[in-house]
Structure formats: structure tokens, C-alpha cells
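Participant: Predicted structure and sequence below. I'll ask about it afterward.
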Amino acid sequence: MGKEVRRAEPIPTDRPKDTVEMGGWQALLDRLNFSCGTIDGHFAKRSRRAVTQFQIHRGLATTGELDIETRLNLGKPGDAYVDYIVTAEDLARVVPRPKGYLEMSKMAALDYHDSWEMLAEKSHSTPAFLRQLNPAVTNPAVGTQLTIPNLEGTRKLPQVSRIVIMISETTLLAFDTNNKVVACFPCSIAADKTKVPNQPLTVANIAPNPNYTFDPKVLSLAAQQEGITNRLILPPGPNNPVGSAWIGLSLQGYGIHGTPEPEDISRTGSHGCFRLANWNATKLVRAVRPGIPVEVVP
């Protein structure tokens with residue numbers, strides 16, 4: 001017989017009392033594609049925005065809090081955490097940190113720089129939160145058993161018909177063909193507000209696991225520091241400058257993409273593109289197609 005899957009139950013639950021319990025609710029929201037960014041156990045702006053959009057989605061009072069009605073609609077987190085055993089394949093993706101763009105261009109893939117980063121990306125969390133969950137582990141090795149957030153049963157995104165990026169909320173919303181919100185992802189926007197597009201946009205192209213072209217004319221300071229005069233092609237990987245997914249927009253040079261620094265999403269500005277955590281960018285790139293509208297609103 002197959003493993004029994006525990007499903008969310010619409011019964012009253014207590015408010016989360018600590019970061020571990022809050023991480024369980026963040027994991028549940030993540031499974032429903034109302035992402036708090038990283039699962040870290042802290043109920044801050046990104047979590048409140050995810051809860052608010054879930055409340056709008058369900059027609060609830062928009063308190064931005066995990067109140068009783070919201071918890072009833074979310075259901076119980078159930079098995080919020082799961083045991084995970086580190087594999088040789090996991091650690092094969094941990095590579096030395098390159099010292100610059102020239103060294104990056106010579107690597108086979110821009111993979112993870114340490115095992116905690118790899119595990120955090122796998123579980124949509126932060127290295128610090130994983131260390132909190134596993135205080136006895138200092139250096140995960142093959143065969144190490146860890147506790148990580150449980151993302152089993154994550155809802156697959158249906159076909160997305162349009163995207164709305166809310167600048168003031170640093171949030172991206174994806175709508176299905178019935179014009180219903182099916183995903184809410186924290187999003188970084190341009191630090192220089194003059195670089196925020198103010199025109200109608202559409203998806204022009206998509207590229208899962210993209211490479212990246214380093215242009216010394218664009219990244220002139222880094223090029224000068226490393227003595228780079230020609231364009232370089234940086235290989236794919238989670239630590240690629242555009243992360244694990246690229247969605248090109250109809251405005252030249254603009255796109256929605258992943259990032260090697262998921263903890264900074266919505267907390268720091270971009271150079272102009274719209275940045276998502278790698279896992280959210282990967283979900284989105286699988287659900288969009290060229291031609292769908294992308295609206296940028298204040």
C-alpha cells in the first residue's frame with residue numbers, strides 16, 4: 001500500500017506560539033502558492049502580504065493576520081516538517097565559490113556554495129532556520145538526517161493568463177484563465193524608480209535554467225576590476241545572476257527571473273528587472289506562455 005497522505009482539516013487551531021509553529025504555517029501557504037518568500041518562522045511584511053492575498057482570494061476579512069477565520073480556511077498544517085536524508089547527489093551540487101565573473105564563466109554550472117544553501121533552496125527556507133531546526137548538525141554529510149519544512153503536496157500552478165506586479169507591495173500576482181489569483185510571490189523591483197516600466201508589457205519568451213551574458217559595457221565596474229573586455233557566457237544554475245528561471249518581457253532588457261539571494265527578495269531593489277525566489281520563478285516559468293499581459297501597477 002502507498003504512504004497515507006495527511007490532508008488539511010478545517011478545524012480550529014491555535015495561533016502559532018513560536019518560530020517553529022509559524023514556519024509550519026508558512027510552509028502551508030507556500031504549498032498553496034501564497035509564498036512568504038523564505039520559510040523562516042518570522043511573521044513579517046512578506047508573510048502578512050501572503051496572508052492578505054489569501055484572505056482576498058477566499059473572500060475573508062483582510063486583516064493580514066493568521067486569525068481564526070484564516071486558519072480555518074487554510075486548514076491544519078498537518079505534517080509541517082519532514083525528515084530528510086542528505087544524498088550524494090545533493091552534495092555533488094555543492095561547488096567552490098567562484099572569485100569573479102571570469103571564474104564563473106569557466107564553471108560547468110553555478111551551483112550551491114555550501115550544503116546549508118543547497119538544503120535551504122530545496123526546502124524554500126533559510127540556512128539559519130534549518131540550523132535552528134537541526135541544532136545538533138554542524139556540517140551535513142551524506143546520510144545525515146535532518147528536519148526540513150514539508151512541501152509535499154504543493155499545488156501545481158494552472159495556466160496563467162496574466163500577471164500583475166504591485167510596486168508598493170513588492171508583490172507579483174498570477175491569475176488563471178478565470179481571472180482568479182492562483183499565486184502570490186514576493187518580488188524585488190528597481191531601486192531606481194525611474195527604471196520601473198510604465199507601459200503595457202507582455203511575456204516575450206521563457207527560459208528555464210538559463211545561462212547569463214556578462215556584458216562589460218553594462219557591468220562596467222566589475223569588468224574594469226577583473227580586466228574583462230569581451231562578453232562572457234555564464235552557465236546555468238541557482239547562483240547564476242538571474243537564478244533558475246527567466247521570463248523575458250516585451251521591453252528590451254527587462255524580465256522576471258530568479259536570484260541567488262532569496263532572503264533579499266522585496267527587501268532590496270533590483271537594477272530594473274523583477275526578481276523572485278528561484279523556486280517561485282521556476283513555478284511561474286512553467287505556467288506562462290509568450291503573449292500573456294504583464295501589468296505593473298503602483
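Facilitator: It's in.

Participant: drop to CA atoms for contacts and neighbour counts, all remaining ones
Facilitator: Will do.

Participant: Where does the prediction get shaky in the protein?
Facilitator: Low-confidence regions of the chain, defined by pLDDT under 70, span residues 1-13, 268-271.

Participant: quick one, longest strand in it?
Facilitator: Secondary structure assigned by DSSP state E gives strand 201-208 as the longest strand of the chain.

Participant: got a list of contacts for the following helix or strand past that strand?
Facilitator: Next helix or strand after strand 201-208 toward the C-terminus (DSSP states H and E): strand 212-214. Applying C-alpha atoms under 8 Å, 6 or more residues apart in numbering, the external contacts of strand 212-214 come out as 101, 231-236, 240-242.

Participant: can you do 6 Å?
Facilitator: 231-234 (C-alpha atoms under 6 Å, 6 or more residues apart in numbering).

Participant: Most neighbours of all those residues, which one?
Facilitator: Most neighbours among those, by other C-alpha atoms under 10 Å: residue 234, with 23 neighbours.

Participant: Touching, that one and residue 105? I think so.
Facilitator: Yes. Using C-alpha atoms under 6 Å, residue 234 is in contact with residue 105, at 4.5 Å.

Participant: rewinding a little: so which of the contacts of strand 212-214 belong to strands?
Facilitator: Secondary structure assignment by DSSP E places 232-234 of those in strands.

Participant: which one among the residues you listed gets closest to residue 160?
Facilitator: Proximity of these to residue 160 was ranked by C-alpha to C-alpha; the top entry is residue 234 with 29.5 Å.

Participant: Pull the contacting residues for the closest one.
Facilitator: Contacts of residue 234 were listed using C-alpha under 6 Å, 6+ apart, and they are 105, 211-212.

Participant: which residues in the stretch 51-200 of the chain form helices?
Facilitator: Chain-ordered helices for the stretch 51-200 of the chain, with DSSP state H, counting those that start in this stretch as the definition, fall at 68-74, 88-92, 101-105, 115-122, 127-133.

Participant: want to try a markdown table for those helices, with distance to residue 177 and mean neighbour count as columns?
Facilitator: Compiled in a markdown table, the helices of the stretch 51-200 of the chain are given as follows (distance: least, C-alpha to C-alpha, whole Å; neighbours: other C-alpha atoms under 10 Å):
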| stretch | distance to residue 177 | mean neighbour count |
| --- | --- | --- |
| helix 68-74 | 23 | 17 |
| helix 88-92 | 37 | 13 |
| helix 101-105 | 40 | 17 |
| helix 115-122 | 29 | 20 |
| helix 127-133 | 36 | 18 |
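
Participant: Could you say which one of these comes nearest to residue 217?
Facilitator: Evaluated with C-alpha to C-alpha, the helices of the stretch 51-200 of the chain place helix 101-105 nearest to residue 217, the distance being 13.9 Å.

Participant: for the closest one, the distance to its chain's centre please.
Facilitator: Taking the mean C-alpha point of helix 101-105 and that of its whole chain, the gap between them comes to 25 Å (C-alpha atoms, centre = their mean, to the nearest Å).

Participant: and that helix, what other elements does it pack with?
Facilitator: The helices and strands touching helix 101-105, judged by 3 or more C-alpha pairs under 6 Å, 6 or more residues apart in numbering; DSSP states H and E, number zero.
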